[in-house]
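1. From the sequence below, what's the structure:
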Amino acid sequence: MIETGSIAFWRATLALCFGSFLVFANLYITHPLMPLFSREFHLTPLQASWSLSVSMLTLGISLVFYGPLSDVLGRRKIMIVTLAGGILIGALITQVNSYNQLLALRALQGLFLGGLPAIAIAYMGDEFSRKALLFAVGFYISGNSLGGISGRLVGGFITEFSDWKFAFEVMAVGSLIGLLLFIQLLPPSKHFSPQPRHIRGMLKGLADHLRNPFLLAAYLIGGLNFFIFSNQYSYITYVLSEAPYGLTPALLGMLFLCYFSGTIGSAISGRVAQYVPQSLCILLGIIILMIGSLVTLAGSLSTIITGLLISSFGFFFSHSMASAWVNRHAIKAHASASSLYLVFYYLGASSGSFYLDIFWRQWHWYGVIFGSMLILGATAAIAVWLYFQEKMQPCENKDPITL
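-> Numbers count the residues shown, from 1 in each chain. Predicted coordinates for the structure are as follows:
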C-alpha cells in the first residue's frame, strides 16, 4: 500500500489533484460569464445559470455509471479516457453559434468530466494506507477548489480582454498539457480487485448504499450544502455586476478567489478529524457556512467578500469530512458509494438555482440568504442526528478512515 510521505504517495496525490484541477477548471469556466450571457443572448439569470447547471446535471448523472463500471474495469483507464473526452468537448465549444448549441455541448462535456471525480477517491481507497488516505483526500478536494478558482479566473479575465470563446480555447490548450502530465504521474493500480460484471449486482450495490442510513445522511448533507453554496455564487455575480458595485467579468472572476479559504478548510479537515468526531466536523463546517452567508447581508463589498471567504471555508471543510465519511461507512463497492455521494452533490448544485430563483425574484439577495438558511438548518440537523446515531451504534473500528 502507498504510505504517507513516499514518492508514490506524492506522485499519485499530485496526479489526482491535478486531474481534479482540470475537471473543475473546465466545469466552472462559465460561472463568472452568466451576466454576460444574459446580455448577449437576452437571458434571465436562471436561464444563464443553465450554462453551468446543465454540466453539473449530466456530470451527476454520469457518476451513477462510472463508479460501478470502475469496480469492474479498473480506475486508471476510465479516468484518463473521460478526462480526455471532456477536454475535447471544451475545444468544440469554441465553434458554437447559439446558446442552445452551447448548452448541448456543455451537457456532453459534463458526461465526460464525471469520470475522474467518480473514481478518484476509490482509487485512493484501493492503493493508499488508511493514514495516507485521510491526508490525500484533503489534498484532492483542495484540487477541486483550486480548479474551480482557476476556471473562473480564466473565464473572467480572458473575456474581459477578448471574448468568451477565446477563453474556452485557452482552457482547452492548457488542459491538454495537463492531461499529459496526469497520465505521466498517476501510478498503475496494484491493489484493485475487479468485481464480477453483473448489472444486477451493480444496482444492488447502489441500493445497499441508499439503505445505509449513515451513507444516505452524508449524501443529503453533501447534496443540499452544494445546492446552496454553488448557487449563492451564481446570484452574487448579478448583485455585484449591478449598481452600486458594477464589477466587470474580470473582477467577477477574481471574486472566486474566495475559494482559497475553502482550499485551506479542506486541507486541515483531516487533522481536525483526528481530535473531533467526523459528524461534529461536518456540523462545524455547516455552521461556518451559515455564518458566512449571513455576513454577506451587511451590504458593503468588503463584507460580502469576507462572508464568501467564511462560507467557502465552512463548505469545503464540511464537504471533505462528508466525503471521507462515505468511505468510512461503505461496507463494499467503495467506488459506487463515493460516486453516489457525488451524484447527490452535483444534482443538488444543478437544481439549486431553481429553488433560490423563487427567493431571488421576490426579495433579491436577502431572499437568497433566507432560502439558504432553511436548507442549511436542515443539513445541520442531519449532522446532529449522525452524531447521536454514531454514539449509539459505533463502528467496529473507530478509526475515522476505516474502509
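2. What residues does Lys165 make contact with?
-> Going by C-beta atoms under 8 Å, 6 or more residues apart in numbering, Lys165 touches Ile93, Thr94, Val96. Bear in mind the C-beta positions are built from the backbone N, C-alpha and C, glycine included.
3. meant to ask about Tyr99, not that
-> Tyr99 makes contacts with Phe37, Phe41, Leu43, Ser51, as judged by C-beta under 8 Å, 6+ apart.
4. most neighbours, which of the contacts of Lys165?
-> Ranked by neighbour count (other C-beta atoms under 10 Å), the contacts of Lys165 have Ile93 at the top, with 24 neighbours.
5. So that residue versus Phe168, what's the distance?
-> Distance of Ile93 to Phe168, computed by C-beta to C-beta, to the nearest Å: 5 Å.
6. Neighbours of Val272, how many?
-> By other C-beta under 10 Å, the residues close to Val272 number 18.
7. Was I right to think it contacts Ile282?
-> No: between Val272 and Ile282 there is no contact under C-beta atoms under 8 Å: 11.0 Å.
8. Scan this structure for its longest helix.
-> Ranked by residue count under DSSP state H, the longest helix found in the chain is helix 334-392.
9. pLDDT averaged over that helix, what's the number?
-> For helix 334-392, mean pLDDT is 90.
10. and that helix, how far out from the chain's middle?
-> Remark: helix 334-392 is offset 13 Å from the chain centroid, using C-alpha atoms, centre = their mean, to the nearest Å.
11. following the worst-scoring helix or strand of the chain on mean pLDDT, which helix or strand shows up next?
-> Least confident helix or strand of the chain, by mean pLDDT, DSSP states H and E, is helix 199-211 with a mean of 76. For helix 199-211, the following helix or strand on the C-terminal side (DSSP states H and E) is helix 213-241.
12. Tell me where this protein is predicted with low confidence.
-> For the chain, applying pLDDT under 70 flags the ranges 195-199, 201-202, 333-335, 393-403.
13. What helix or strand is the residue sitting nearest the centre point of it located in?
-> Closest residue to the average C-alpha location of the chain: Asn144 at 6.3 Å, with C-alpha atoms, centre = their mean. Here Asn144, judged by DSSP H and E, is contained in helix 130-161.
14. Report all helices and strands that that helix contacts.
-> Applying 3 or more C-beta pairs under 8 Å, 6 or more residues apart in numbering; DSSP states H and E, one finds that helix 130-161 contacts helix 7-27, helix 115-127, helix 164-185, helix 249-255, helix 259-272, helix 301-329.
15. what sits against Thr228?
-> In this structure residue 228 is Ile, not Thr. Leu289, Ser293, Gly352, Leu356, Gly371, Ser372, Ile375, Leu376.
16. Is Pro187 part of a helix or strand, or is it coil?
-> Following DSSP: H, G, I helix; E, B strand; the rest coil, Pro187 is assigned to coil.
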